[in-house]
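Enquirer: any chance you could fold what I've pasted below:
(2 chains)
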Amino acid sequence: MLNKTAKFIDNLFDSPGDGLKEVPTRNGYGEGVVEAGKKNPNVFVLCADLTESTRNLEFKKQFPERFVQMGVHEQLLAALAAGMALEGKIPFITSYAMFCPGRAWEMIRTNICLNGVNVKIIGSHAGVSVGPDGATHQGIEDIAIMRPIPNMTIVVPCDAIEARKATVALLDVPGPCYLRLAREKTPVFTIEETPFVIGKALTLREGKDVALIACGPLVYNALRAAKELSGEGIDAMVINSHTIKPLDEETILEAAKKCGAIVTIEEHQVIGGLGGAVAEYLSQAHPTIIERIGVQNQFGQSGTPKELIEHYGMGVGSIKEAAQKAIRAKKGK
Amino acid sequence: MEHIHDEKIKKLELIANRLRQHVIESVAHAGSGHQGGPLGMADIFAALYFHVMHHDPKNPEWEERDRLILSNGHICPVRYAAMAEAGYFPIEELLTLRQFGSRLQGHPERLRLPGSETTSGPLGSGLAQATGMALAGKIDKKKWHVYALTSDGEHEAGLHWEAMLFAGKNKLDNLICVVDRNNIQIDGNTEDIMPLEPLREKYEAFNWHVITANGNDMEDVVRAFEDAKSIHQKPICIIAHTIPGRGVSFMENNYLWHSQAFKEGEAEQALAELKEIEKKLISEHAQ
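Expert: This next block holds a predicted model:
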């Protein structure tokens, strides 16, 4: 059953877009970065010719002197931000995930992380749900390239409200962070009172048969899958693992011990993302049956977000099947 | 920066010679590293650390200091030599270059060595970081300058040109980019590998003010920096023509000395040649 302390919107299981409001996580960031700018005069936004679509327009309006137009210069975006951070600024560098961190990887690794400077990396339009733009613009390897870099914090908010909280919370992390956002509107199912602490996963639903560990907007699909599974006699735990690094090992270990079967869910390649992080950790701490939902070593393509989520096996039905498979494997063990 | 007298020029030349000796000793001791570039840039480092820049070796984080970003981090032996001579750390420490546990990494790391300003070496990324510092300095209305030292070969990296566009657009006249125009890179001569000329016109087309100098003539080096500081509303590029391996007869203008290891006796011979030059400078100085 739902964890009451997690706190959700009342109409959690109304139809998305009908009863249940849908807003892109990038919008939450757009509100959050204005809040961050008000809180801290050192916050700067650096934009690579995508001011509106990365939702930086409001920041630009409110703080024109702290908005820097970079042009289509994603390598410079990261390297120049390192220089500004060396002088005490806190640059938020923003583009599509495919280009930042994608194109800017080495500058992020060496000029920002090895240099130990405080830069916030904002990657919008992550995942196949970018939709019609197609594979070139669907960043689905971004978590994998950020994860191995020492000192990096990675946060993937589940809805617009969490994205706003996460954006402001990045200010409390004294080093480099990567915040992963989505273009498409998705259900807003958390509320102001829902707890959010970077590094602390939140158990949304208690269960004992299988643990669904998800990040990003697919957390909502995990909740729906758990609801449907409960009608079939399966008691699924649901965890919002919004921080991929540092991973909340304690919560994941408890879930593994309690359920003995895990499904990880992310809109990213199954290699190197949340599923990879959970598998790497549990393979040493507590070997457990794991099914990984995500893009299976393929590129995306054009389509509607819904079509693509279903096609690449990240819909509610796919999550249910993976849960059943994990439970069968556990029993056959 | 006060007006320079002949005596000061001679003093700077002597310092540059000492930096060259440190380069030979530390690279020879390390068993690997780069010599050609550091020897060619010794005059510019001597001028920057002992005449041009405002800095405080005892307080590397001094807020009002001029910033020096070494983009082609592989020539760090000469920067380390200049820092040691200036008093940032003991001269003996130069012999720890490239060794396990040393603060003097093969390419400079800010978090290990205070005063190195940034972590650098991957080519093409220095001017970009320097541009970020210069932008921050402008925003905060600071008086200090950022000196970005770059190699000619690294101008092949696209990131460098991104920074050039940005600095030109934003009129960062607190940014001075020095190009070590020594015409060599690892695989050969720059104009064979990937022609850069006409380099002056390229910078000018990107809205930079360009000054050329003989990077191995101390008076000309100092003059170039003085001129650079008088420019407003444009970032400044000093194209410094240098001789790689400068000061050691068998190393000058030979691209193989970009980074090849010394064979037996070579380091000693190089040092002997530099000491001869030192003697000559001292006797001239005394006259």
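
Enquirer: OK, contacts around residue 72?
Expert: Here I'm looking at chain A. Applying CB atoms under 8 Å, 6 or more residues apart in numbering or on different chains, one finds that A:Val72 lies in contact with A:Ala48, A:Asp49. For every residue, glycine as well, the C-beta is placed using N, CA and C.

Enquirer: please refer instead to chain B.
Expert: When the contact criterion is CB under 8 Å, 6+ apart, the partners of B:Asn72 are B:Gly37, B:Ser120, B:Gly121, B:Leu123, B:Gly126, B:Leu149, B:Thr150, B:Ser151, B:Gly153, B:Glu154, B:Asp180.

Enquirer: and the longest helix for the chain?
Expert: Just so you know, I chose chain A. helix A:316-332 (DSSP state H).

Enquirer: was after chain B, sorry
Expert: As assigned by DSSP H, the longest helix anywhere in chain B is helix B:6-30.

Enquirer: list the helices and strands that helix packs on?
Expert: helix B:36-47, helix B:76-86, helix B:218-229, helix B:266-286 (3 or more CB pairs under 8 Å, 6 or more residues apart in numbering or on different chains; DSSP states H and E).

Enquirer: comparing those helices by mean pLDDT, which bottoms out?
Expert: Lowest mean pLDDT within the helices and strands packed on helix B:6-30: helix B:266-286, a mean of 93.

Enquirer: please save the CA atoms from that one in CSV.
Expert: Coordinates of the C-alpha atoms in helix B:266-286 are reproduced here as CSV (Å, rounded to 0.1, in the frame of the first residue of the first chain):
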residue,chain,number,x,y,z
GLU,B,266,72.5,15.4,-23.4
ALA,B,267,71.1,17.0,-20.3
GLU,B,268,74.6,17.8,-19.0
GLN,B,269,75.5,19.3,-22.4
ALA,B,270,72.3,21.4,-22.4
LEU,B,271,73.1,22.6,-18.9
ALA,B,272,76.7,23.5,-19.8
GLU,B,273,75.5,25.6,-22.7
LEU,B,274,73.0,27.4,-20.5
LYS,B,275,75.6,28.1,-17.9
GLU,B,276,77.9,29.6,-20.6
ILE,B,277,75.1,32.0,-21.5
GLU,B,278,74.5,32.8,-17.9
LYS,B,279,78.2,33.7,-17.5
LYS,B,280,78.0,35.9,-20.5
LEU,B,281,74.9,37.6,-19.1
ILE,B,282,76.5,38.2,-15.7
SER,B,283,79.6,39.7,-17.2
GLU,B,284,77.5,42.0,-19.5
HIS,B,285,75.4,42.9,-16.5
ALA,B,286,78.5,43.9,-14.5
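
Enquirer: so which bits of it are buried?
Expert: By neighbour count on 16 or more other CB atoms under 10 Å in any protein chain shown, the buried set for helix B:266-286 is B:Glu266, B:Ala267, B:Ala270, B:Leu271, B:Glu273, B:Leu274, B:Ile277, B:Glu278, B:Leu281.

Enquirer: near chain A, which of those show up?
Expert: When contact is defined as CB under 8 Å from any CB of the partner chain, the buried residues of helix B:266-286 do not meet chain A at all.

Enquirer: about what we covered before: out of the contacts of B:Asn72, the closest to B:Val210 would be?
Expert: Nearest to B:Val210, judged by CB to CB, of the contacts of B:Asn72 is B:Thr150 at 13.6 Å.

Enquirer: how about the closest one: what's its closest non-neighbour residue?
Expert: Leaving aside its sequence neighbours, B:Thr150 sits nearest to B:Ser71 (CB to CB, 6 or more residues apart in numbering or on different chains; 4.4 Å).

Enquirer: about what we covered before: can you pick the most crowded of the contacts of B:Asn72?
Expert: Of the contacts of B:Asn72, B:Gly126 is surrounded by the most neighbours, 31 neighbours in total, counting by other CB atoms under 10 Å in any protein chain shown.

Enquirer: show me where pLDDT drops low in the chain?
Expert: Unless you meant another one, I'm taking chain A. In the predicted model, chain A carries pLDDT under 70 at residues A:333.

Enquirer: correction: the question concerned chain B.
Expert: B:1-3, B:287.

Enquirer: contact residues of it facing chain A?
Expert: The interface of chain B toward chain A, taken as CB under 8 Å from any CB, is made up of B:69, B:109-111, B:117-119, B:121-122, B:125, B:128-137, B:139-140, B:158-159, B:162-163, B:165-166.

Enquirer: isn't the residue nearest to B:Thr150 right up against B:Gly153?
Expert: No: the pair formed by B:Ser71 and B:Gly153 falls short of the contact definition of CB atoms under 8 Å, at 11.0 Å.
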